[in-house]
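Engineer: Predicted coordinates and the sequence they were generated for:
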Amino acid sequence: NNPTDTAELAPMITRAEQAAVVINQERAEPETTGTVLADAGYCSEDNLTPAEGPQVFDRLIATGKSRDLQRDATTNPASGPPPQDATAAESMRHRLRTPAGAALYKKRGATVEPVNGHLKDRNRLRQFSMRGLTHCLGELTLTATAHNLHRLFTTTQPQTV
């Protein structure tokens, strides 16, 4: 419904934090939220330099295509903190070129992208069959629920010996 995702980062982080609180209530050893890994669709001055609110904690936001980020981290790695006069985008590019930043951001591909691939391939959600935001959200919710039930069923079945 929006041409870019830039305004969606703060609400998404807030919802993730709320979900983490609920999940941690059920755990014997609660976990803390780590670094937010966001693709270039979330890259904006506001998201790179949060003043307050849910965005304040650690985040890595891509400043370009993943393949370009990986290439830059390999061919022109950075070390140490960014230059003091660097802009927010330059600081983020510097951090993504460090070995630690590149390794951490690479986890995003293994964490987020498989779900998108499963929804497209396994559940055949390449395009919505209905029009309008409400109908598309309903179709996405149904598909995501089916995906989650399938994952729950296949990962919780007892192993036979």
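Structural biologist: Structure's in. What do you need? Numbers count the residues shown, from 1 in each chain.
Engineer: for this structure, what spans make up the helices?
Structural biologist: Taking DSSP state H as the criterion, the chain carries its helices at 9-25, 45-48, 66-75, 88-97, 99-111, 113-121, 133-156.
Engineer: now the third one against helix 88-97, angle please.
Structural biologist: An angle of 70 degrees separates the directions of helix 66-75 and helix 88-97 when computed by axes from the mean of the first three to the mean of the last three Cα atoms, to 10 degrees.
Engineer: if we can go back for a sec, mean pLDDT lowest where, among the helices of the chain?
Structural biologist: Ranked by mean pLDDT, the helices of the chain bottom out at helix 113-121, which scores a mean of 72.
Engineer: related to what we said a few turns ago, what would the helices of the chain look like in TSV with mean neighbour count and distance to Thr33?
Structural biologist: (Glycine included, C-beta is placed from N, CA and C.) Shown next, in TSV, are those (neighbours: other Cβ atoms under 10 Å; distance: least, Cβ to Cβ, whole Å):
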stretch	mean neighbour count	distance to Thr33
helix 9-25	13	5
helix 45-48	16	16
helix 66-75	14	23
helix 88-97	19	19
helix 99-111	14	14
helix 113-121	12	19
helix 133-156	12	21
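Engineer: got those as TSV, with distance to Gln127 columns?
Structural biologist: Formatted as TSV, these follow (distance: least, Cβ to Cβ, whole Å):
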stretch	distance to Gln127
helix 9-25	23
helix 45-48	28
helix 66-75	24
helix 88-97	32
helix 99-111	23
helix 113-121	10
helix 133-156	10
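Engineer: Those helices: which one's closest to Val36?
Structural biologist: Proximity to Val36 (Cβ to Cβ) singles out helix 9-25 among these, at 6.1 Å.
Engineer: what's the spacing between the closest one and its chain's center?
Structural biologist: 13 Å (Cα atoms, centre = their mean, to the nearest Å).
Engineer: From the rest of the structure, what touches stretch 65-83?
Structural biologist: Stretch 65-83 has contacts (Cβ atoms under 8 Å, 6 or more residues apart in numbering) with 39-40, 62-63, 90-91, 93-99, 101-102, 105-106, 109.
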